[in-house]
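In: make a model of this:
(3 chains)
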Amino acid sequence: MGNVLVITEHMKGEFQDISFEMLGQARKLSAGGSCCALVYGSMKDRSSELGAADRVLCVGGSDDFNPETYASAALQIIQSESPDLVLVGSTSMGIDLAPVLGVSLDLPVISYCSCIETSGDNFEFTSQLYSGKMDVKSTAPKAVAMVLAGSFSAEDGKSGGSASVENVTADFGAGRVQFKELIEPEAAEVDITQSDILVAVGRGIGGKDDIEVAQELAKNLNADLACSRPVVDAGWLPKSCQVGKSGLKVNPKVYIALGISGAPEHLEGMKDVSTIIAINTDKNAPIFDVAHYGMTEDLFDICEELEDSLS
Amino acid sequence: MLQIVFEGEEKHFYANKLDKVHMKVAVLLKQVPDLAEELEVDESGKALDTEYIKFRLNEYDEHALEEAVCLKESGQAAEIVAFALDGEEVDKALFSAMAKGADKAVKLTGTEVEGSRQAAALFAETLGMDYDLIMTGVQSVDDRDGMMGPMLSSMLKVPCVSVVTRVEGKGSSVTVHKEYFGGLMAAFDVQLPAVLGIQAARQTPRYAPVSKVRQVQQSAVIEEKSASGVSGSATSKVTTMAPPTKTGGAKILGSVDELMELLKEKGVA
Amino acid sequence: MLSSTEQIAFVLLVLVCGGLAFQGFRRIFVIVSQGKPSYRTDEFLSRLIKALIEVGLQKPLFKSRPIVSLFHAFIFFGFSFYLLVNFNDLLEAYVSGWTTIDSSHPVALGFNLFSDLFSILVLIGIIYFLIRRFIGKPRVFEFNRNVKLQTKVVGGGIRRDSLIVGIFIILHVGSRWLGTAFHLAERETTEWSLPTASLVAPLFFGWSDLETGIHVTWWLAMGLIVLFLPYFPRSKHIHIFLAPLNLAFTNREANGKLMEPVDSSKPGASTLDELPWKQVLDSYACIMCTRCHEVCPAHESGTPLSPSALEINKRYFINQNSSDLAGGKLKLDLLQEAISSDAVWSCTTCMACVEVCPVGNEPMQDILQIRRKLVFDANMPDELSDALRSLDEQGNSFGESSRKRTRWTRDLDFPIKDASKETVEYLWYVGDFASFNQNCTEKTRKFAEVLTTAGVDFGILMKDEKSAGNDARRVGEEGLFDALAEDNIQTLENCDFKHILTTDPHTYNTLLNEYPSKGGVYSVKHYSTLLMELIHSGKIKITKPLKIKGTYHDPCYLGRYNGIFDAPREVMRQCGVELLEMSRNRTNSFCCGAGGGQVWKKEHEDMKQRPSENRIEEALLTGANYFTVACPKDMTMYSDAVKTSGNEKNMTVRDLVDYVAEAMELEKLTNEETYESVPESSKVENNASEFQE
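Out: So this is what the prediction gives:
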């Protein structure tokens, strides 16, 4: 119970889901206190979407995600608002904001939060460390928390109410960081965020030539091909196929994961899919925690048998 | 109006001749538990049992070092100094850094460092304003109390850009690419001195041949500096550490036939 | 017989050509001496004598291509005899009245007979070779399209050289033989001691120009030799001098013992003069016969590596730039002129090229030296550096925590002694693949059971065991090998054992041959030898002979490298397996393709057929249904190959231990043995990055 301030994130004129997820939880955590949302640039025109907050503070400035200007503006607002808890997304934008705010405000920073609750006068945080191998719980009366995408429900943050919208002025800092341009990725052949069925491959596929096996399967199932980050890093598939934190968030009806271990960064992109089928010879792989169905046989054997059955 | 450029077009970041620049670069390194190990919690229930596990260089710090060495090789950095906090097998990491191309290596001794915030304070004290560019990994697997790079930048009151994949020196500033999601990136010009949190170097971090590292061990010396690193009172209290509870897990199918049934049921096959 | 003018002219010719030739040979000496030390000059006399005997018996040639080697033997013996013949011809030219033609002295008669027969044999031989090269055009003379070749080679340099040499020999020997016929015709006689010349001589009885004919044929025969002298330094024909010399300098230490770097602060070679001088001499001894790339698994499978091209390229570049090279004004950049880096990284270090070379060349050594330099400059495929990093950090190439090394022991229901704490007779050095690879751990467990049942006192090093480092060294990482060897020797120092036992030939090789120079001298035994001993001594009782048809694959590091061929075969025989041999067996065994770091790398995109699949096809030809291996990497490679080549119903891969376990009716043996498929990849999985996504 206390005042919570959420720093919203946007991209190309849309609020990112993480903003709603944080807002929904902030609402709950601030029960009794106030819950505000900080909005940058032209997103002030979309403030009505942030009904879950009590107040929306519009800082103005440009839309260019400048780490310096964003941090500087946020700092001033937070100094004047003095919330007990500041929520920032554990994202590319958040990494440049939250730690800086923590130091400037002399507040502890909590990284990789998957869960936040109140516990007496304190907030209790659960952080995922060691690539998801350990959950660490910590407490603090006040903090800046970095929230992992998908930890809370975006729906909760989109629910009604209307917030009062205030324009606030802020100093955007010394101008030592200048935005130059946004660089789009190469146009993708397939937009996997629109796919109904995805066949995704991970390191377990072995090599570029072996992807053919998955491609065949995808073709027979009328599905699109996707993958985890190591596959893109190795150059076996283009970035447009990457599912995960630094890739894309997908929402097909069925997601078939072949040889994917299930590191948190990948799960971020697909764990809410309604049917997840995981195939991995390591029965302890984290993917089996989010998958609905699984098999531990060799993926090549399974694909071969599936081929036979499908044709 | 944002100027959007398509990467597919021939807009090479490193096109034409790169400016010869003479930045003095500090690379900040940290050893972290090797995730190949099976991790266990120690008796206190709040921390990792480190007795039997091996440590290795934080993967992102490796990228930071690689990018720094690439800057030097392309004539944009005049000197690279690798820093690391004292810890498990840190000497080997520092000698490796020199074998890869760092000019000097410094180990910070004297204090038990708990957490990245304290680490940032130690580095702030040691580095001061001596360096044009400070590069470090964007994050690490154990930075529970915040990312070290941005915190350091705040303490030094210099700008910081994280999740950086490309760096080009431009005299008194650098141009960097910051990565978002789905391949989207933004280019920023950052005035020096500055801190960069590196996500990926321009090429895979090079291997440090053992014989070269050994040569370096014979010929070079790791400087030691002691620092006290008072970091302020802002801490959170760890209450427990435990492996995540398995949330229920998948239903394991016995045969491909069952899988076919399932696929048909879902309207896929 | 020659006029004084002719005599003087000939002497002048000898002086001029001799002088030119001497210059050429001297330059060769200079260029070879530019190379680094080779440590092979000890006991030079005994080396030379041994080499001369080998050459005299033509043994090195008959290691392959028996028919071709036979024809070469004709030429060799013929030409060797011709030294005497040419000496005789000089006497004829300068000593008036000297001739052997109408002498009845037994020595002269013998000389006549041999010179006549050998002339014909040489001619037959050389004509065979010319037909073979120019009309037959054997496939083995072709290089894969992706092999780096010097321009002049592509332009037909070797063919031109062969043609020149062929024509020279035909003219030299032919005209000498014809001259003999003329001598006979002059006397209007035939001699039984000159059978073939006598056949032709009557054609020339009464010919008015006989005298001219005799002089002309003399000059053609002798003059051509002298004229040919300066050509030697530019031709592969120089092998007649340099091959015996090169054979004298072959490695006399264990095959499996690599040369230490001369200067460990600058290991390896990037230019010709940074190679040991023996490697420079190799390029001169090379007869460009391509026997080496015929047996090379990398070349056979379509990758850009041809050991033959390597030597040929070196030679051609040297030929074209000899004066600059000798003068130190130019260096031969190996990766630019002789071999591509793709090719360097395709080598499996199987040593087949070294084994088969008739002139004692060692192309594999060049490759290893180049690798050392590349690794020192951190210039290698990423997957290799991942494997090396894993070896460095965790002591195994699998990216697994060293604590997981003993996981394979979990399913055993008897304890295994910890050799680092207890005294044992056999310290079983398990090795990476046998410990971590899912295909192999089943065999490892079985072997543990066999050993226990047989009452062998053994133990393992548990998690302190690190990779012995054989393949790290073959990839070129000397420093890593040193580090691993030091650690392992330290660990072994604190143990009390009589012998080291291992199932892995790579481990066997380095522990036996290379650890002594690092300070670790041990009695090392391969499990095939131990199994044989246990069966012979009755500790293992074969109660149920298997009655199956099996073929045996000689692992490179066990067979060709270390000469162990019979123990595994004996084990198979004792178990009742009918042994059907493949044609490429024993020292000619064909590599599975995993060595030299290949098992850690991606396959080359040009690879047409994996060496292991090629081998399975060969095995099928024997009529056997069981493919027997005695090496964990072979187990993995061939299990995979049987599947990928679609031969699961025709060929089953079995380890020696499978036969023994079944034949001794070991308890808990499952009846239906299935082989798990190669999980995800038989190659190494990366470490922490695995957990990124």
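In: tally of neighbours for A:Gly303?
Out: No Gly there; residue A:303 is Cys. Counted with other CB atoms under 10 Å in any protein chain shown, the burial measure for A:Cys303 works out to 22 neighbours. In this view, the C-beta of every residue, glycine as well, is placed from N, C-alpha and C.
In: what's the spacing between it and B:Asp257?
Out: Distance check for A:Cys303 against B:Asp257: by CB to CB, to the nearest Å, it reads 15 Å.
In: now swap in C:Met380 and tell me
Out: In terms of CB to CB, C:Met380 sits 45 Å off from B:Asp257.
In: give the helix, strand or coil label for the closest residue to chain C within the stretch 1-150 of chain A.
Out: Using CB to the nearest CB, the closest approach of the stretch 1-150 of chain A to chain C is made by A:Ser131 at 4.1 Å. Put simply, A:Ser131 is coil when judged by DSSP: H, G, I helix; E, B strand; the rest coil.
In: could you do A:Asn220 as well?
Out: Per three-state DSSP, the secondary structure class of A:Asn220 is helix.
In: leaving out the residues flanking it, which one is nearest to it?
Out: A:Leu310 (4.6 Å; CB to CB, 6 or more residues apart in numbering or on different chains).
In: quick one, grab the pLDDT at that neighbour.
Out: With respect to pLDDT, A:Leu310 scores 79.
In: that one is in contact with A:Asn222, isn't it?
Out: No. With contact defined as CB atoms under 8 Å, A:Leu310 and A:Asn222 do not form a contacting pair (10.6 Å).
In: more neighbours: those two, which one.
Out: Using other CB under 10 Å as the criterion, A:Leu310 and A:Asn222 rank with A:Leu310 on top: 14 against 11.
In: OK, contacts around the more buried one?
Out: Counting by CB atoms under 8 Å, 6 or more residues apart in numbering or on different chains, A:Leu310 touches A:220-221, B:260, B:269.
In: same question, C:Asp606
Out: Applying CB under 8 Å, 6+ apart, one finds that C:Asp606 lies in contact with C:144, C:146, C:302-304.
In: tell me how far the residue of the stretch 1-150 of chain A closest to chain C lies from A:Lys245.
Out: Taking CB to CB as the measure, A:Ser131 falls 12 Å from A:Lys245.
In: what sits in contact with each of these two?
Out: Both A:Ser131 and A:Lys245 are contacted by A:Pro264, under the criterion CB under 8 Å, 6+ apart.
In: now the strands: where do they sit in the stretch 101-250 of chain A?
Out: A:109-119, A:122-129, A:134-140, A:143-147, A:164-167, A:177-184, A:197-201, A:224-227 (DSSP state E, counting those that start in this stretch).
In: and the last one, what does it pack against?
Out: If I follow you right, that is strand A:224-227. Contact here means 3 or more CB pairs under 8 Å, 6 or more residues apart in numbering or on different chains; DSSP states H and E; on that basis strand A:224-227 packs against strand A:197-201, helix A:211-221.
In: nearest spatial neighbour of the residue of the stretch 451-600 of chain C found nearest chain A, skipping sequence neighbours?
Out: Closest approach of the stretch 451-600 of chain C to chain A (CB to the nearest CB) occurs at C:Trp600, with a separation of 12.4 Å. Nearest-residue entry for C:Trp600: C:Ala387, 3.9 Å, with adjacent residues in sequence omitted and distances by CB to CB, 6+ apart.
In: quick check: the residue of the stretch 351-500 of chain C nearest chain B.
Out: C:Gly479 (2.8 Å).
In: that residue reaches B:Pro209, doesn't it?
Out: Yes. The criterion here is CB under 8 Å, and C:Gly479 meets it with B:Pro209 at 5.7 Å.
In: more crowded one of these two?
Out: B:Pro209 (29 against 26).
In: show the pLDDT at the more buried one.
Out: Model confidence at B:Pro209, expressed as pLDDT, equals 92.
In: if I look at it, how far off is C:Cys292?
Out: Taking CB to CB as the measure, B:Pro209 and C:Cys292 are separated by 29 Å.
In: go on, B:Lys46?
Out: Distance, B:Lys46 to C:Cys292, using CB to CB: 63 Å.
In: what do you get for B:Cys160?
Out: For B:Cys160, the distance to C:Cys292 (CB to CB) stands at 58 Å.
In: C:Leu412: neighbour count?
Out: Every residue meeting other CB under 10 Å relative to C:Leu412 is counted, giving 13.
In: can you check C:Ser523 too?
Out: For C:Ser523, the count of nearby residues is 12 (other CB under 10 Å).
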